[in-house]
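Participant: Structure, please.
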Amino acid sequence: MWEKGQLGNKSPRVLQFSLWFFFTKCFGLRGRQEHRQLCFGDVGLLRDPITDREYLVFSERLTKTRDGTGKENLRKGKPRLYATGTHRDPVSLYKTFLKRRPMQVNTPNSPFYLTCIPESRMSPDADIWFYPKPMGENYLGKLMSMAAMECGIDHKTNHSVRKTCVKTLRKAGIARDKIKHITGHKSTHTLESYDEGLSDDEQVMMSDILTRKDANKSFAVGAPVQANKSC
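Facilitator: As a prediction, the model looks like this:
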């Protein structure tokens, strides 16, 4: 999608879709409901004092799975999205978005996603790209399918990106009880539906662990695992 120009900052729709894509994938937001509820003040721009890297942080509001009645319904941490320093930098896209928004909708409770001004109505050097009103719910719900269609990709929906979030972290060895703090799931059991079984690489790795093919080698499935020398 980057190569096809559907992710980046070339137009109002592409810019907002890019932020939507990052927030879905890295904050684990649900395709329509949680994005529709997202307010301008729910996303903050901060700087890590240790690494000096800027990052976006998501402050969760109450949702259908988290009603605030108990501590178990709250995430243990606020998801962060760090700057990458590349042309695919989410923080840079966010800063561009700030410059293109009308000032009157930069209040904490203002809608995050705004109605795009048609490019045919904007001058080439226009500073403001959006009307000061929220993006329509139906339009918001079709962002992924529209971008996929422009790229010639079939059968992609808003939920496809959320599934990618889980699958990418699982393949990297991140435990389910850690992933749920990004996705907002209440339990690890609900994450099992995202699994696609074992890949060939995982099959080989698990076999080598169990057969002690290399007793001195550590295998990176979550935390490094040493072969058991007791049996």
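Participant: Give me the residues contacting stretch 17-24.
Facilitator: 1, 6-9, 29, 31, 35, 38, 43, 58, 81, 90, 93-94, 97, 113, 140, 143-144, 146-147, 158, 161-162, 165 (Cβ atoms under 8 Å, 6 or more residues apart in numbering). To be clear about C-beta, it is placed using only N, CA and C from the backbone, and glycine gets the same treatment.
Participant: Where does Asn9 fall, secondary structure wise?
Facilitator: Using DSSP states H and E, Asn9 maps to neither a helix nor a strand.
Participant: now do Lys78
Facilitator: Lys78 belongs to no helix or strand, assigned by DSSP H and E.
Participant: For it, which non-adjacent residue is closest in space?
Facilitator: Val57 (5.0 Å; Cβ to Cβ, 6 or more residues apart in numbering).
Participant: Please apply the same query to Ser110.
Facilitator: Per Cβ to Cβ, 6+ apart, closest to Ser110 is Phe40, 4.4 Å.
Participant: Tell me if I'm right that the one you found and Gln104 touch.
Facilitator: No - if you go by Cβ atoms under 8 Å, Phe40 and Gln104 don't touch, sitting 11.0 Å apart.
Participant: which of these two has more neighbours?
Facilitator: Phe40 (18 against 8; other Cβ atoms under 10 Å).
Participant: Against Glu119, how distant is that one?
Facilitator: Distance of Phe40 to Glu119, computed by Cβ to Cβ, to the nearest Å: 23 Å.
Participant: just checking, what packs against the host helix or strand of the residue nearest to Lys78?
Facilitator: Using DSSP H and E, the element containing Val57 is strand 54-58. With contacts taken as 3 or more Cβ pairs under 8 Å, 6 or more residues apart in numbering; DSSP states H and E, strand 54-58 sits against strand 43-47, strand 80-82, helix 90-100.
Participant: OK, contacts around the residue nearest to Lys78?
Facilitator: So Val57 contacts Val43, Gly44, Leu46, Lys78, Pro79, Arg80, Leu81 (Cβ under 8 Å, 6+ apart).
Participant: JSON lines please, covering the residues you listed and showing neighbour count and pLDDT.
Facilitator: Listed next are the contacts of Val57 as JSON lines, based on neighbours: other Cβ atoms under 10 Å; pLDDT from 0 to 100:
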{"residue": "Val43", "neighbour count": "18", "pLDDT": "95"}
{"residue": "Gly44", "neighbour count": "13", "pLDDT": "94"}
{"residue": "Leu46", "neighbour count": "11", "pLDDT": "95"}
{"residue": "Lys78", "neighbour count": "12", "pLDDT": "80"}
{"residue": "Pro79", "neighbour count": "20", "pLDDT": "83"}
{"residue": "Arg80", "neighbour count": "16", "pLDDT": "87"}
{"residue": "Leu81", "neighbour count": "20", "pLDDT": "90"}
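Participant: Report the residue ranges of every domain in this structure.
Facilitator: 12-194, 207-231 (automatic domain parsing).
Participant: And for Met1, the neighbour number?
Facilitator: For Met1, using other Cβ under 10 Å, the count is 18.
Participant: hmm, which two among the contacts of Val57 are most spread apart?
Facilitator: Spatially, the most separated pair among the contacts of Val57 is Leu46 and Pro79, at 12.6 Å (Cβ to Cβ).
Participant: Just tell me which of the helices and strands packed on strand 54-58 ends up closest to Ser207.
Facilitator: strand 80-82 (35.7 Å).
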